[in-house]
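**Student:** Fold the following, please.
(chains A and B)
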Amino acid sequence: MQDYKDIIAEILIDEKTLQERIKALGDQISQDYHAQDLLLICILRGGLVFMVDLMRHITVPHALDCMALTSYGVGARASTGNIRMSLDLQTNIENKNVLLVEDIVDSGFTLFHVLEMLQTRRPKSLKVCALLDKEERREISVPIHYRGFSIPNKFVFGYGLDLDEYYRNLPFVAVVDLEKYKPPSA
Amino acid sequence: MQDYQDFIEDVLVDDQKIERRVAELGAQINRDYAGEELLIVCLLRGGLTFTADLTRYLTIPHTLDCMSLSSYGMGHYASSGNVRVNLDLMTNIEGLNVLLVEDIVDSGRTLAHVLQMLRTREPKSLKVCVLLDKKYRREVPVEVDYVGFDVPDKYVFGYGIDIDEHYRHLRFIASADLQKYKKSDKADQ
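**Tutor:** This is a model prediction of the structure:
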């Protein structure tokens, strides 16, 4: 595996900026759900690091659950098609305040389908918190109630986001230099 | 939901101690796997916080995967029974160095079953890293390679560990006074 320093084009969001913004999001969520109970849903695996840092700043009573999703189909059909829940929620969300926590939203298809599916379970409220929003890539309209950062349409990694499964643990979000990056041979 | 201050008994491990120890474990893992690659397997949901923090200290190349497990059977049978996999690994672990990351080990039954199951897939190595070890509760022998802290046989919460799904976000690990803790009427599990 290459050292991340060899493949970085630029650091898009540094550690301090990330952590300050996450605290602000946590404060905002705590205000908005004041005196209410909240269920946070972590979308695996990209949302894991963001979730752990975010929930430390949430002061209202909250529970945590996880979902894992995969796409049906391959190639051109993959991104617009239905999604498969590889891990469903343990919690019955009927009449609960639910906040989906995502690392990044680009086309919006996955998020759109998850929201549609979860709405059928009649939660009391259903909102979305996304750390990164790649708006330029949006192909279907989805609500984002809490947005960490709007980012340009570049290939990003770090802070939960992987490059071929590596580099999720970096404390910042960076842009890959695709000239220099060599994917690991399988 | 009750404020945790209404039922907290002791802070068993404060946030600074946790941070230092997690950094030490990370450094140890970096040394032990120097020149190798590693797959970190997070056991949901208790292991989430520990995994996120531990991996921040890893400098060796590593990937991350998650597993979700539950027990078959209820009550008396629950802890001795087999383990059901709700979410299996995306990664084929054959020939890989695998490190399971868990929040806590007590009886060791779940862990023993998972290890047995994963060994059938012939990983290159298979080790275990737990934040908390409740040794006095052990019922089956299970080898734990990295331990954060030994804890007494008390009802613990915080730092990823819940009571009725709450309090996972606390930065420290505490024991609960169950006389004072009132089960939430909203809890549905």
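
**Student:** Output the contacting helices and strands for the longest helix along chain A.
**Tutor:** If each helix of chain A is counted by residues according to DSSP state H, the longest one is helix A:15-32. For helix A:15-32, the helices and strands in contact under the criterion 3 or more CB pairs under 8 Å, 6 or more residues apart in numbering or on different chains; DSSP states H and E are helix A:48-55, strand A:125-133, strand A:146-150. Using the backbone N, CA and C atoms, a C-beta is placed for each residue, glycine as well.

**Student:** tell me which parts of chain A are close to chain B?
**Tutor:** In this structure, chain A approaches chain B at residues A:1, A:37, A:42, A:44-45, A:48-49, A:51-53, A:55-56, A:58, A:61-66, A:68, A:86-87, A:90-92, A:162, A:165-166, A:168-169, A:171, judged by CB under 8 Å from any CB of the partner chain.

**Student:** lowest-confidence helix or strand of the chain?
**Tutor:** No chain was given, so I picked chain A. Ranked by mean pLDDT, DSSP states H and E, the weakest helix or strand in chain A is strand A:83-87, scoring a mean of 89.

**Student:** was after chain B, sorry
**Tutor:** Taking mean pLDDT, DSSP H and E as the measure, strand B:83-87 is the helix or strand of chain B with the lowest mean score, a mean of 91.

**Student:** Identify the residues contacting it?
**Tutor:** Applying CB atoms under 8 Å, 6 or more residues apart in numbering or on different chains, the contact partners of strand B:83-87 are A:44, A:68, A:86-87, B:44, B:66-72, B:110, B:113-114, B:117.

**Student:** hey, where'd the strands end up in the chain?
**Tutor:** Using chain A here. A:8-13, A:38-43, A:62-71, A:83-87, A:97-105, A:125-133, A:146-150, A:156-157, A:173-176 (DSSP state E).

**Student:** actually it's chain B I care about, not the one you picked
**Tutor:** With strands called from DSSP E, chain B shows them at B:8-13, B:38-43, B:62-71, B:83-87, B:97-105, B:125-133, B:146-150, B:156-157, B:173-176.

**Student:** out of those, which comes closest to A:G26?
**Tutor:** strand B:156-157 (19.9 Å; CB to CB).

**Student:** near chain A, anything from that closest one?
**Tutor:** No. In terms of CB under 8 Å from any CB, no part of strand B:156-157 sits within range of chain A; the closest distance is 12.8 Å.

**Student:** go on, stretch B:49-60?
**Tutor:** Yes. Under the criterion of CB under 8 Å from any CB, stretch B:49-60 makes contact with chain A via B:49, B:51-53, B:55-56, B:58.

**Student:** Point out where chain A drops to low pLDDT.
**Tutor:** Residue ranges of chain A with pLDDT under 70: A:73-81, A:186.

**Student:** same thing but 90
**Tutor:** Low-confidence segments of chain A, defined by pLDDT under 90, are located at A:1, A:70-85, A:183-186.

**Student:** which residues sit in contact with B:F50?
**Tutor:** For B:F50, the residues meeting the contact criterion (CB under 8 Å, 6+ apart) are B:22, B:101-103, B:131, B:148, B:159-160.

**Student:** ok, B:A34 touching B:P61?
**Tutor:** No. With contact defined as CB atoms under 8 Å, B:A34 and B:P61 do not form a contacting pair (10.9 Å).

**Student:** Neighbour count: those two, which is higher?
**Tutor:** The neighbour count for B:A34 versus B:P61, taken as other CB atoms under 10 Å in any protein chain shown, is higher for B:P61 (17 against 9).
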